[in-house]
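Predicted model, plus sequence, below.
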Amino acid sequence: MEETISLQEIWEILKKRLGLIAIVTAIALVLSFVATTFFMTPQYEANSQFIVNQADQQQQEITSNEIRTNVELINTYNVIIQSPAILDLVIDDLGLELSASQLANRISVNNADQSQVVSVQVTGPDHDQAVDIANTTVEIFKNEIPSYMNVDNVGILSEAMHQADPSQISPNLSLNLAIAFVLGLMVGVGLAFLLEYLDNTIKTEEDLESSLEMPVMGIISTIDLEEGNATRKSRKARKGVNIGS
């Protein structure tokens, strides 16, 4: 026989374990706040841009093939700018204690569709260092690309700027607290239902009927001793009044 649970029973379980759910959720929020504030390293971002210019002879008429060629050229530039050939020079110039692969993991290069503008984004725990890496990477790339591609069509569009009070991109305290709240709530509710499932004690007539598969013929009520004594005294007092009258 399949057991079903009604919405009323679910609500009763949640009401009974409300304290447990609240405690688990509060613990999750506290752990998230402590981890985000004291154990996660803030990350900052710097962005520098360069533009790939058309050659003079291409300015007159731009065909679809030329656009496709330019996009493919920019894709090639994106690979070159993250290669050890460029990044090793950046590391030497700034005296970074990083390998080329480690530095490449901090750099992302992208451009919008059909755009000649390329953005170089650098993330790291030090904002000033991220700015220096972004600007130096673009500058070295601009100087070195003619020797690799035999072209000189890269111009710096905008440089990353140092900020007195930069805003971090991660960790996001509000987002982490929201995630912790949802996870804590889910764990608390799950734990409440688990404890209810493992609780096989008999508390009601329905539990008894379900366990023994027999109907309940009668119920013996429990009486509190103090309440019983008070009831007996009340009865004696009423009898004394009736006898006196």
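Arrived safely.

Could you use CA atoms for every contact and neighbour count after this?
Will do.

can you pull the contacts of the residue sitting nearest the centre point of the chain?
Closest residue to the average C-alpha location of the chain: residue 176 at 5.2 Å, with Cα atoms, centre = their mean. Contact analysis of residue 176 by Cα atoms under 8 Å, 6 or more residues apart in numbering lists 32-33, 36.

and if we set it to 7 Å?
With contacts defined as Cα atoms under 7 Å, 6 or more residues apart in numbering, residue 176 is in contact with residue 32.

ok so it is a helix residue?
Yes: with DSSP: H, G, I helix; E, B strand; the rest coil as the criterion, residue 176 is part of a helix.

Hmm, residue 120 and residue 48 touching each other?
Yes: counting by Cα atoms under 7 Å, residue 48 does reach residue 120; the two are 5.2 Å apart.

overlap in contacts of these two?
Joint contacts of residue 48 and residue 120 (Cα under 7 Å, 6+ apart) are residue 134.

who are the neighbours in contact with residue 167?
Residue 167 sits next to residue 44 when contact means Cα under 7 Å, 6+ apart.

could you say which helix or strand contains it?
Using DSSP states H and E, residue 167 sits within no helix or strand.

shift numbering so it begins at 20
Sure, I'll start counting at 20 from here, so that last one is residue 186.

Return the helix or strand in this protein with minimum mean pLDDT.
Sorting the helices and strands of the chain by mean pLDDT, DSSP states H and E puts helix 244-263 at the bottom, at a mean of 59.

Could you confirm residue 176 falls within a strand?
Yes: counting by three-state DSSP, residue 176 is located in a strand.

Mind pulling up the pLDDT for residue 135?
The per-residue pLDDT reported for residue 135 equals 81.

For it, give me its contacts.
Going by Cα under 7 Å, 6+ apart, residue 135 touches 70-71.

Any regions of this structure where pLDDT drops low?
20-23, 73-90, 133, 221-233, 235-264 (pLDDT under 70).

Tell me which stretches of the protein form strands.
63-71, 126-129, 136-143, 173-177 (DSSP state E).

now these as JSON lines including distance to residue 27?
Rendered in JSON lines, the data for those read as follows (distance: least, Cα to Cα, whole Å):
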{"stretch": "strand 63-71", "distance to residue 27": "50"}
{"stretch": "strand 126-129", "distance to residue 27": "53"}
{"stretch": "strand 136-143", "distance to residue 27": "52"}
{"stretch": "strand 173-177", "distance to residue 27": "63"}
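
May I see those strands organised as a markdown table, with distance to residue 112 and mean neighbour count added?
Converted to a markdown table, the strands of the chain look like this (distance: least, Cα to Cα, whole Å; neighbours: other Cα atoms under 10 Å):
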| stretch | distance to residue 112 | mean neighbour count |
| --- | --- | --- |
| strand 63-71 | 17 | 22 |
| strand 126-129 | 17 | 17 |
| strand 136-143 | 16 | 22 |
| strand 173-177 | 19 | 16 |
